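>>> how would this look folded up:
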Amino acid sequence: MDKEALGYYSVVSDAGAVGEGGKSYTIGDLAREFGVTLRTLRFYEDRGLLSPRRDGTARIYDARDRDRLSVILKGKQLGFTLTEIRAMLAEERMGDGPSAKLKLSLDQIDDQITHLEQQKAEIEEALVELRTRRAGMAVAA
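Numbering: from 1, shown residues only. Now for the predicted structure:
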């Protein structure tokens with residue numbers, strides 16, 4: 001079993017890395033820091049959202065990947081899809097350097113608020129129906 005599969009945690013010093021003091025991170029480092037699974041990080045890599053370099057079978061992430069992961073997770077927290085997040089990250093690349101912020105337009109914010117409010121209403125309706133059914137079953141029992 002390789003070190004990644006075991007959740008190997010260590011900061012790898014890499015003089016050639018760009019960004020935050022030249023730090024590099026293993027997959028385990030980022031998984032632990034951000035509270036995600038190794039599988040999640042591999043999934044984001046497969047989707048082209050993260051681009052670690054390889055050292056044998058180990059994935060080595062730099063500060064840019066760490067910042068991007070922060071943006072991805074913030075986007076997910078706000079209910080955006082990975083496709084939407086990918087587009088936001090692509091726009092970030094066109095800007096003037098890396099940013100650990102999710103850049104949203106007023107229209108994107110308004111659209112997402114509307115979307116989340118609709119989801120909330122649908123969830124509330126489902127909860128009412130389920131509670132009604134549960135109450136009916138409790139009376140019948």
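
>>> check contacts around residue 101.
Residue 101 makes contact with residue 71, according to Cβ atoms under 8 Å, 6 or more residues apart in numbering. Glycine gets a C-beta too; all of them are placed from N, C-alpha and C.

>>> hmm, 10 Å instead?
67, 70, 71, 74, 92 (Cβ atoms under 10 Å, 6 or more residues apart in numbering).

>>> buried residues, the strand or helix carrying residue 110. List them.
Using DSSP states H and E, residue 110 sits in helix 106-140. For helix 106-140, burial by neighbour count (16 or more other Cβ atoms under 10 Å) applies to 108, 112.

>>> mean confidence for that helix?
Summarised as a single mean, pLDDT over helix 106-140 is 95.

>>> other SSEs contacting it?
helix 82-94 (3 or more Cβ pairs under 10 Å, 6 or more residues apart in numbering; DSSP states H and E).

>>> how about the helix it packs on as CSV, C-alpha atoms only?
Listed next in CSV are the C-alpha coordinates belonging to helix 82-94 (Å, rounded to 0.1, in the frame of the first residue of the first chain):
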residue,chain,number,x,y,z
LEU,A,82,-18.5,21.7,-9.7
THR,A,83,-19.2,22.9,-13.2
GLU,A,84,-20.0,26.3,-11.9
ILE,A,85,-17.0,26.3,-9.6
ARG,A,86,-14.8,25.2,-12.6
ALA,A,87,-16.0,28.2,-14.5
MET,A,88,-15.2,30.5,-11.6
LEU,A,89,-11.7,29.1,-11.3
ALA,A,90,-11.2,29.6,-15.0
GLU,A,91,-12.2,33.2,-14.7
GLU,A,92,-9.7,33.5,-11.8
ARG,A,93,-6.9,32.3,-14.0
MET,A,94,-7.6,35.1,-16.4
